[in-house]
Structure formats: structure tokens, C-alpha cells
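Participant: A structural model of the following input is requested.
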Amino acid sequence: MKTIKNVFEIYKQRLNTIYDAPETEAITLTVLTELLNTSKGIIKAFPEKELSLTQQEEANNILNQLQTGKPLQYVLGYTEFYGLKFLVNPATLIPRPETEELVEWALSEVAVAGSVAGFNILDIGTGTGCIAISLKKNLPQAQVSAIDISAVALKTAKQNAELNEVDVNFIEANIIKSQTNSLLNTQYSILISNPPTLRLMIKSACTPM
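Facilitator: Modelled structure (predicted):
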């Protein structure tokens, strides 16, 4: 494992039972851009560029973890969502690409309303905070809250809010328990959620909970 080209070849050989060729290539490209701190275009343009010994060791360490079936996002400790960087770990689910459509929907609802003034948004089951944080980043004047039952997940969500320089009101509570209702006695412009095992749940201009 010496050059960029060599890394692609070795990853392809050792991951062929887990991922198909296009997935393996995409994973390898992401790993190399991380290790070499450069763009994907540069990686593709200079396949004969050599990696340092440290970079080779890191590439091999990542490959060993990937061979166990561990998702790349957990190996690297982060993922990208809606153009922003989010920390991830086994306590939080990895944001799904289709969830970006939910963010687009919410932003379109605000656009239809014509004004952000007074907009109050609640993200239920926030996990990494990707939905709430992305909305707050794009709607800085809106009031955005996010609820989750997991204290560990909320810790990560708060770190992500700090990382992306937004202010989100995080609430640790069980949304289905009656005592939670007192915390949520607010009229929200948008309720938004993307539970891992359920179909998308969205509602706008909702009544107080």
C-alpha cells in the first residue's frame, strides 16, 4: 500500500465481499480525501501520488475496521448532511440521505409562509441533531427545539450544534409520556421527525400539544 492507485486496488480486493465495486470506490475515495486532506478531484488526478508511512498505517487501520462491517461514518467519526459536518457514533444513527428531503420540505414551508418571524420548529427524536441544526443554520431567525429520550444522543447533538455554530433548544424527554406535554406546551409552526423504523412523520401549522 504505497500509492493512491495501490490503495484503491487493495480496498477493492479486501472489501469485495461486503460492498459492490462502485460503493468500494466511493468509500476509498472518501478515506483518501480524509487522510491526504485534499479534494476528490486531486485524488483522481494523481493516482501515482505516494502516501506517507503514517497515512499507509491509517489507511490499513480503517480498512481493517471496514472489513468487520463497521460503517465508514462510524470509523471516521463524522458524516456530511445538507452541506454540514456532523459527528456520529454508535449512540446515534447515521443520518440518511433521504432525510435531506425532509429539511427541504420544511424550508419550502417557510418560503410559502413568506416570513420566518414567529416560526417555531420542533424536531422529534433528533439523534445527531442533523434536522434541527440544518434548519437553524438555514433559518437563523426561527426558534428551533429538538427532543430525544437518549442523553447520550443529545450530548452528540449539542456538540454538533456547537460545531455548526447554531443555537438549538435541546430537550431530554420521552415524547409519548404525559409528563412531557408540559415541556411542549407550545404552538409549533412545524413538527418534524424521521424515526428510524417508521415512515416519515411531518405536519405543519400544528395545534398545541
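
Participant: Got the domain ranges for the chain?
Facilitator: 4-76, 92-204 (automatic domain parsing).

Participant: The chain: helices as residue ranges?
Facilitator: For the chain, the helices defined by DSSP state H cover 4-15, 21-36, 40-45, 53-67, 72-76, 99-113, 130-138, 151-163.

Participant: Next, count neighbours for V31.
Facilitator: Neighbourhood size, V31 [other Cβ atoms under 10 Å]: 22. Any C-beta I mention is one placed from the backbone N, CA and C, and that applies to glycine too.

Participant: Could you export the domains of the chain to CSV, including columns for mean pLDDT and distance to L84?
Facilitator: As requested, these are exported to CSV (pLDDT from 0 to 100; distance: least, Cβ to Cβ, whole Å):
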stretch, mean pLDDT, distance to L84
domain 4-76, 95, 14
domain 92-204, 85, 5
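
Participant: count of neighbours near G77?
Facilitator: 9.

Participant: need the contact list for it.
Facilitator: Listed by Cβ atoms under 8 Å, 6 or more residues apart in numbering, the contact set of G77 reads L87, V88, N89.

Participant: Distance check, the closest residue to Q65 other than its chain neighbours against T24.
Facilitator: Leaving aside its chain neighbours, Q65 sits nearest to V75 (4.8 Å; criterion: Cβ to Cβ, 6 or more residues apart in numbering). V75 sits 14 Å away from T24, going by Cβ to Cβ, to the nearest Å.

Participant: circling back: contacting residues for the residue nearest to Q65?
Facilitator: The contact partners of V75, by Cβ under 8 Å, 6+ apart, come to I62, Q65, L66.

Participant: Next one: the last one relative to E57, how far apart?
Facilitator: Right, L66. Applying Cβ to Cβ, the value for L66 to E57 is 15 Å.

Participant: Those two: who's more crowded?
Facilitator: Ranked by neighbour count (other Cβ under 10 Å), L66 and E57 place L66 first, with 22 against 13.

Participant: quick one: contacts for the more buried one?
Facilitator: Y11, L15, I18, I27, L72, V75.

Participant: and of the domains of the chain, who's closest to G83?
Facilitator: Smallest distance to G83 across these (Cβ to Cβ): 8.2 Å, for domain 92-204.

Participant: ok so, going back, and of the helices of the chain, who's closest to N174?
Facilitator: N174 lies closest to helix 151-163 among the helices of the chain, at 11.8 Å (Cβ to Cβ).

Participant: other SSEs contacting the closest one?
Facilitator: strand 84-87, helix 130-138, strand 143-148, strand 169-172 (3 or more Cβ pairs under 8 Å, 6 or more residues apart in numbering; DSSP states H and E).

Participant: can I get the ones you listed in CSV with mean neighbour count?
Facilitator: Output for the helices and strands packed on helix 151-163, formatted as CSV (neighbours: other Cβ atoms under 10 Å):
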stretch, mean neighbour count
strand 84-87, 18
helix 130-138, 26
strand 143-148, 23
strand 169-172, 16
